[in-house]
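Undergrad: Okay, predicted coordinates and the sequence, questions at the end:
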Amino acid sequence: MGVVKADLREDGREIDFERIGRWANGKQIFAVSGRLVYDVYVDSPLDGPATIATSPVLPRQGSWYVENGLVYVGVRVGKISPRFVGPDGKLFLWRATFPVEGRTSKTIRAADSSSDEEAGGAEEGAETTTDDAVLLTFSASIATEDYSLPADLDGRFNVNSLGEWFADPIIYKSGVLELRYRREEFSNPLAKICDFHNATNSDAWGGFAPGTLKAEITYSAETRAESTSFDVDYKISWRPRGWNDVKANAGLYAKSGERVVRATNADGSPTESPVLLAADGTRLPTGSEPLWLTFRTTTPKPFAALGLPSPFEI
């Protein structure tokens, strides 16, 4: 006793694809809904819904939906609803309906499309396409940080009426724009996390100048019977002045002629704090703008490799 054969009805594949989101990593997100209807033949009147529901020739309930050898990851075949139709020759005909529902932008091409069409799920040896992202969320916020300036926002230097520099710097509260992306992926992002640690954008990306963006990537994983997915968080921080370390060219010694001597006050006593220096090491005149030296502390990387959309295009 058991299922002799199961045929997908000519009009039994009623599946709708609706685009519900913008491109995520180059792939659109679709909501999929519909049903599959099979004519199921059994050889005994005692064969009922339990026999049909466990038959290996029908789609597996809870498996990924398959069409033309493509497995739609994220779209599942639902619980079977069998209905007895009546005798058909020496066999007995049942009509079995499977709901199909989910959302996806990832497909897997099965190694054996015919067997997968029967089984309704991805088999071992399936070849994964490059459709990594199935869902993308985005948020943005401003974080405040302090840094010192040699002058105020009107260009007035941090000096007194005699042109002497104040010991306390002018503190400017700057905004750092934080762009946060969260994406479900199906390839392990660990190598990407290491590669982009302490990295800034080597090229213009998303409307931002090179060197002004910094990446931080974290993730968590979830393993199911069918596959492992990774919930990956991208934090992209934009600082208009960049991420290099900038210091004023200053010191307790200055070049005088061919010698390097201790910097002194007007009365000849050694200075208590560093004095500003020119590019050749000589002391700058009082009230001069500092010569700023830049030190690279980050690694430039092409942010386009992350596959994230520009925040201005979301």
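TA: The structure has been received and is ready for your questions.
Undergrad: so what's Gly62 up against?
TA: Residues in contact with Gly62 (CB atoms under 8 Å, 6 or more residues apart in numbering) are 76-78. Just so you know, the C-beta spots here come from the backbone N, C-alpha and C atoms, and that holds for glycine as well.
Undergrad: one more time with 6 Å, if that's ok
TA: Going by CB atoms under 6 Å, 6 or more residues apart in numbering, Gly62 touches Arg76.
Undergrad: Then Trp94?
TA: 40, 52, 82, 84.
Undergrad: Give the burial count for the nearest residue to it once chain neighbours are set aside, as a bare number.
TA: With CB to CB, 6 or more residues apart in numbering as the criterion, Trp94 has its nearest non-adjacent residue at 4.4 Å, and that residue is Val40. Val40 has 26 neighbouring residues, counting by other CB atoms under 10 Å.
Undergrad: Mind telling me what element Val40 is part of?
TA: strand 30-42 (DSSP states H and E).
Undergrad: elements contacting that strand?
TA: strand 3-19, strand 91-109 (3 or more CB pairs under 6 Å, 6 or more residues apart in numbering; DSSP states H and E).
Undergrad: so where's this protein shaky on pLDDT?
TA: 1, 21-27, 106, 110-135, 224-227 (pLDDT under 70).
Undergrad: go with 50
TA: Along the chain, the model assigns pLDDT under 50 to residues 23-24, 112-134.
Undergrad: in it, which spans are helices?
TA: In the chain, the helices defined using DSSP state H lie at 49-53, 113-119, 190-195.
Undergrad: if we can go back for a sec, okay, now the sheet partners of the strand holding Val40, with direction.
TA: Strand pairing for strand 30-42, determined by DSSP bridges: strand 3-19 (antiparallel), strand 91-109 (antiparallel).
Undergrad: Out of those, which one sits most buried?
TA: strand 91-109 (a mean of 19; mean count of other CB atoms under 10 Å).
Undergrad: Perfect, I'm done here.
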